[in-house]
Each structure stands twice: as structure tokens, then as C-alpha cells.
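>>> Okay, structure incoming, though there's no sequence with it:
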């Protein structure tokens, strides 16, 4: 019995000591946090070089992809932030972490514009895996002000996909202002997901440990890290659903209303830079048309909600994009979705090397058609 009491006493003592040590380091880290603290809460990778092993994710002559984010968290080859002419914002489809920087749509678009205008503009990649318009709003608030000299001529928003899932929990709005200041819940990283994980990520100790883990992992070739980034190669037989869920129209309408508020706020933030905005709709392969009828992938965003439901929701957001950004400032790439195959999108959403070139070329042609390129002269 005494042995049990002694063991219990030692266990409690160790537990209390551990808690006190964690509290000490938490207080110490909070007192010493720098100006980048809030920005890094947005899952921004700064000053890091990660080597990703493709593992036959898609046909490519390269076995590895060098993924480099500079001191400011941007992915580009611009001389300095002051030299950035176009800043692209989006989620993983803008980030393109499994595509070499030379083959990203930003680099393709940059080369096409420079060749056409006989100039030397630079396009930077501010895409963050998982970000929706929630994350973009916080980027303007907590990230971009830290980037010395940043004042691009154009902010290009490649948006819609990460805002289309109406089943995600979203913060409430009041008079166009966010009621909550919980940054983690504002991100598009499935805020209704692992509550314990989100709770732990609020602590500086946790963030520091995650940063150390990233630094260690960046020293070795990484496998494809995210479940979404897996090769699918779906056949026509995988598109089984031909009717919308009865709740989809109701949910989509509410989601589109909230999206409109966020988009308006983003466009106002662009005005503060005296810059121009370009909004781009996104293609995906979650539906297919057979014999004049559309079919969707089952349970794409949740039980009973298929690719048809997602596509309907995305189309509602695309309407908002065209209305708020204006047709003259909108590049509608969604309308080209039927031209895409799994040679372009390895999982029906994220681009291969060929897919990024396809997107970059499309953007260039749409920019030229809308007479937007003259803005860069």
C-alpha cells in the first residue's frame, strides 16, 4: 500500500512540475514573442526549404520538388517585396507545393506577360494551404503589413474552392465585422474538426514545438503530407449521384451571403494599397456530364453531400465573385472545367505540372481579353 502511495505521490509531483514548467515557458514565450507571432498563426511557412518526394503523385521527370518560402513567407524569385507587381492569393491550388516554382501558374503567367509586353514584371505566390477568404482577410491584417515595401499593382484572388463547403462551421458576422477574434477558427482549416488540436495550437509552447518539428522535417525529403493530395484517377463510373441534397440550396444561399461580406472586405483592403484586384474562379473535376445529365462524386464534402452539391455551392460563389469584382475584373476559369483531365488535376482539384501550365496560360489569355495587361505597362 505504501508503495502505491509513493508511486502516486511521485506521479502527481511529476505532473505538477511538468505543468509548472509548461506555464513558465508559455509565459516566457508570450513575453518574448515578436511581430510575426500573429502571422505565423495563419500557418505561414517562413524562411524554409522543404524537399517533397512526389511518390508518383503525377507523371513528372522530377522525383523531388524543392519547396522554398522566403523570409517573408512568400514563394517567388522577386528581388524584393517592393519589386512584386502581382501578388496571388489563394489556398493549396495557389500554393502548388508539389509543383516546382518554375512550373507554377505564377511563373507561367509571368513569362507569358513579360514576353507579350516586352517587360520584366514579377509575380509572387502568397497561397497558403487551406486558406479561404477567412485566411485572406487575416493575411491583410496580420501578414502583409510585415512585408517591407509590399505594394503590388495587382492582387489576384484565386478563390472559391475553399469557401464552397457550406458544412464547415463559420463565424458570425455583424455589420460586416467579425465577432470572433479566434484566429484558428477563422482559417479554412476545417474549424469544426479536432477541437483538442485547435485548443492546443493556441499555446505558444505548442506553436514552438510545431516550428521545431517543421525545421527538423525540412532537412529530409518529405512524403506527400496531406490526405487531399493523393492521386485519384476516377473513372466515369465513380460519378454516381444525379440529384442535389434537399438542403444544398438553403445552405448554399447562406454560405454565399457570408462569402459576399468577406469578399467585399477583401476588395476594400486592396483599395488601401491603391492597387487593382483581379478575381479568378476555379475549375475542379467533382462532377461530370454524361448524355446531357450531370453526375457527382458521392459524399464529397460529407455524408449525403456529393460533388453536385459542392458544384452548386461553388457556382453560387462564382455569381458573387462576378457581381462584386465586376466582369471586367473577373477571370472565369471555372467555365473551362470540362477541358480538364487527371493529367491536369491529379486529385480532381490540385494541379500537376501540366495543369499549372494550363491554368497559367488560361489566366494570360483571359487577362489579355479583358485588357488588364495594359495596367502593368
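Perfect, thanks for sending it. Quantities reported herein were computed from a predicted structural model and do not represent experimental measurements.
>>> mind listing what the residue nearest the centre of the chain touches?
The geometric centre of the chain, computed from its C-alpha atoms, lies nearest to residue 91 (CA atoms, centre = their mean), at 1.4 Å. The contact partners of residue 91, by CB atoms under 8 Å, 6 or more residues apart in numbering, come to 127, 128, 129, 130, 131, 132, 135, 161, 162, 188. Using the backbone N, CA and C atoms, a C-beta is placed for each residue, glycine as well.
>>> Filter those down to the buried ones.
With burial judged by 16 or more other CB atoms under 10 Å, the buried subset of the contacts of residue 91 is 127, 128, 129, 130, 131, 132, 135, 161, 162, 188.
>>> Hmm, residue 96 and the third one touching each other?
In other words, residue 129. No. Assessed by CB atoms under 8 Å, residue 129 is found out of contact with residue 96, at 9.7 Å.
>>> tell me the SS of the residue lying closest to residue 329 once chain neighbours are set aside?
Excluding its sequence neighbours, the residue lying closest to residue 329 (CB to CB, 6 or more residues apart in numbering) is residue 278, at 5.7 Å. Judged by DSSP: H, G, I helix; E, B strand; the rest coil, the three-state class of residue 278 is strand.
>>> My read is that residue 278 contacts residue 373, right?
No. Using CB under 8 Å, residue 278 is not in contact with residue 373, being 11.0 Å away.
>>> and these two? which has more neighbours close in?
Each of residue 278 and residue 373 has its neighbours counted (other CB atoms under 10 Å); residue 278 has more, 23 against 17.
>>> Domain map for this protein?
1-32, 36-376 (automatic domain parsing).
>>> Not counting its own residues, what contacts stretch 103-113?
Residues contacting stretch 103-113 (CB under 8 Å, 6+ apart): 75-77, 86, 88, 96, 101, 119, 121-125, 351, 353, 356-357, 359-361, 363-364, 367, 373, 376.
>>> now the residues you listed: which count as buried?
If we count by 16+ other CB under 10 Å, the contacts of stretch 103-113 have these buried: 75-76, 86, 88, 96, 101, 121-125, 351, 353, 356-357, 359-360, 363-364, 367, 373, 376.
>>> ranges for the helices of the stretch 251-377 of the chain?
307-325, 353-369 (DSSP state H, counting those that start in this stretch).
>>> Pick the most deeply packed of those helices.
Mean neighbour count (mean count of other CB atoms under 10 Å) peaks for helix 307-325 among the helices of the stretch 251-377 of the chain, with a mean of 22.
>>> Run through the neighbouring helices and strands of it.
Helices and strands touching helix 307-325, by 3 or more CB pairs under 8 Å, 6 or more residues apart in numbering; DSSP states H and E, are helix 248-271, strand 276-281, strand 287-290, strand 293-296, strand 330-332.
>>> how near is residue 90 to residue 79?
23 Å (CB to CB, to the nearest Å).
>>> between these two, who's got more neighbours?
Higher neighbour count among residue 90 and residue 79: residue 90, with 27 against 9, using other CB under 10 Å.
>>> can you pull the contacts of the more buried one?
By CB under 8 Å, 6+ apart, the neighbours of residue 90 are 127, 131, 157, 158, 159.
>>> Same check on residue 44?
69, 73, 128, 143.
>>> thought residue 330 was touching residue 281?
Yes. At 7.1 Å, residue 330 counts as touching residue 281 under the criterion of CB under 8 Å.
>>> Next, show the common contact partners of these two.
residue 321.
>>> Show me which of these two is the more surrounded one.
With neighbours defined as other CB under 10 Å, residue 330 and residue 281 compare such that residue 281 has more, 25 against 21.
>>> Need the residues that contact stretch 345-355.
Taking CB under 8 Å, 6+ apart as the rule, stretch 345-355 contacts 57-60, 92-93, 96, 98-100, 103, 105, 161, 228-232, 234, 283-286, 297, 340, 342-344, 358-359.
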